[in-house]
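Asker: Structure of the sequence below:
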Amino acid sequence: MSKFFDELMESVQQMDEIVRGERQPSRQFIVDALQVKKIRKATGLTQAKFAAMIDVQI
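Answerer: Numbering: from 1, shown residues only. A predicted model of the protein is given here:
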């Protein structure tokens with residue numbers, strides 16, 4: 001197999017371990033709701049349109 005495929009498979013296996021709680025993620029992203037609201041207001045979009053634009057649920 002190629003090096004890329006081997007790295008991809010290792011990444012998938014690590015993801016599975018994280019999902020099962022066997023491994024801690026290497027990093028976490030914490031989203032501040034107030035910052036999101038500020039950004040959304042700056043765009044002039046409604047909650048529904050902003051959520052659709054970034055592909056998340058309201």
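Asker: longest single helix anywhere in this structure?
Answerer: When the chain is scanned for its longest helix (criterion: DSSP state H), the result is helix 3-19.
Asker: going on from that one, what's the next piece of helix or strand?
Answerer: Sequence-wise, the next helix or strand downstream of helix 3-19 (DSSP states H and E) is helix 33-43.
Asker: returning to what we had before: average pLDDT for the longest helix of the chain?
Answerer: Across helix 3-19, the average pLDDT comes to 95.
Asker: what does it rub up against?
Answerer: Outside helix 3-19, the residues that touch it by C-beta atoms under 8 Å, 6 or more residues apart in numbering are Arg23, Gln24, Pro25. No exception for glycine: its C-beta is placed from N, CA and C like everyone else's.
Asker: cool, stretch 23-38 as well?
Answerer: Gln14, Glu17, Ile18.
Asker: Go through these and name the one nearest Lys41.
Answerer: Ile18 (33.9 Å; C-beta to C-beta).
Asker: ok, how many other residues are close to that closest one?
Answerer: Close neighbours of Ile18, defined as other C-beta atoms under 10 Å, add up to 13.
Asker: Quick check: the gap between it and Gln24.
Answerer: Distance from Ile18 to Gln24, counting by C-beta to C-beta, to the nearest Å: 7 Å.
Asker: before we move on, the earlier item: as TSV, the contacts of stretch 23-38 with distance to Arg40 would be great.
Answerer: Output for the contacts of stretch 23-38, formatted as TSV (distance: C-beta to C-beta, whole Å):
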residue	distance to Arg40
Gln14	33
Glu17	35
Ile18	29
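Asker: With respect to Thr43, which of these is nearest?
Answerer: For those, the minimum distance to Thr43 (C-beta to C-beta) is 32.0 Å, reached by Ile18.
Asker: related to what we said a few turns ago, who wins for most neighbours among the contacts of helix 3-19?
Answerer: Arg23 (13 neighbours).
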